[in-house]
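Participant: predicted model, plus sequence, below.
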Amino acid sequence: MSENLSIILTETIIPWLLGTLLLLAVLTLMVTMKSWREMKRSPYFFMRRQAEKRLQTYGSASFFLFLFTVGIALYSWQAPPDTTPRVAILTNTKPAKEEIIAVFANAAPVETALETTEIEQLVAANTRTAVDTGEPAFVSVAPTLPGVFDQVEPATPLKDNTALGTLSFSTEITDQYESVNPRSLFAEGFFTLYATFAYDDMADGMSWSWVWRHNGEVVEGDNELWQYGSNGPGYVYLNPEQGFQFGEYSLEVWVNGEMMAQSSVTMNSAAVAAGN
């Protein structure tokens with residue numbers, strides 16, 4: 001039965017599967033090349049950044065699709081396994097001696113169940129007693145700028161009126177860098193999360209950083225000199241290769257080592273399905 005199934009897969013399903021995978025790999029490779037051209041030709045930073053992210057995502061997808069296609073092709077070229085049953089017939093076997101049969105017949109049953117008192121003792125020995133010390137369970141600590149994202153020295157000092165507006169999160173933005181249907185609750189999965197903001201009284205040469213965290217742990221960020229003028233809209237975005245997982249994702253925007261904006265969103269598919 002398994003041999004027939006292997007032959008059916010090799011001769012019918014696998015060729016279609018290989019063709020589909022190869023087509024997907026070619027399409028993702030074409031999108032990768034398109035993203036590469038956009039990254040090289042775009043005159044705007046945020047558009048170049050977005051094209052760079054797409055290049056990384058589709059490039060990785062193309063590589064794994066080609067790798068998977070090669071693996072399926074190698075599997076289809078293997079000879080089907082020999083599943084012929086082989087049975088060894090033992091002749092001249094000796095019956096069990098009467099003494100051995102008597103030993104097993106008179107053997108006492110094995111005690112497998114533990115007494116109630118033994119179970120209670122095991123539970124007590126392996127249970128940690130919670131002690132109420134009166135101290136709070138968690139202490140809130142202000143976030144600090146990770147050193148890896150604080151490498152660029154500012155060439156322009158921070159101004160008194162420099163400010164960044166509220167961060168708005170969405171899965172789409174307009175050509176004017178405005179959020180489309182902003183919200184703070186999203187379903188888990190694969191998509192791009194945009195964070196838009198307005199900035200005032202900035203100056204070229206300031207050092208700015210953005211830090212993404214998942215449940216408090218840094219997952220992505222960058223640091224560079226500001227070169228986008230004193231006022232206007234801007235955005236950063238996150239598109240993790242492993243997709244958005246359950247929990248809280250937060251974003252911090254720093255200017256000259258000072259945090260100017262911070263906000264967070266929650267990834268919870270169950271809450272989204274419930275309409276919360």
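Facilitator: Good, I have the coordinates.

Participant: residues near Leu251, how many?
Facilitator: Neighbour count for Leu251, taken as other C-beta atoms under 10 Å: 23. To be clear about C-beta, it is placed using only N, CA and C from the backbone, and glycine gets the same treatment.

Participant: SS state for it?
Facilitator: strand (DSSP: H, G, I helix; E, B strand; the rest coil).

Participant: now do Met47
Facilitator: helix.

Participant: that one touches Glu38, doesn't it?
Facilitator: Yes - in this structure, Met47 is within contact of Glu38 by C-beta atoms under 8 Å, at 7.3 Å.

Participant: which of those two has more residues huddled nearby?
Facilitator: Remark: of Met47 and Glu38, Glu38 carries more neighbours, 16 against 13, as counted by other C-beta under 10 Å.

Participant: now that one: how far from Ala270?
Facilitator: Counting by C-beta to C-beta, to the nearest Å, the gap from Glu38 to Ala270 is 37 Å.

Participant: which helix or which strand is home to the most centrally placed residue in the chain?
Facilitator: Centroid-nearest residue in the chain, with C-alpha atoms, centre = their mean: Gln242, separated by 2.7 Å. Here Gln242, judged by DSSP states H and E, is contained in no helix and no strand.

Participant: gap between it and Arg54?
Facilitator: In terms of C-beta to C-beta, Gln242 sits 17 Å off from Arg54.

Participant: those helices in the chain, which residues are they?
Facilitator: In the chain, the segments counted as helices under DSSP state H are 2-8, 14-41, 45-76, 98-105, 116-125, 269-273.

Participant: the fourth one - what's its average pLDDT?
Facilitator: Regarding helix 98-105, the rounded mean pLDDT is 61.

Participant: no further queries at this time; thank you.
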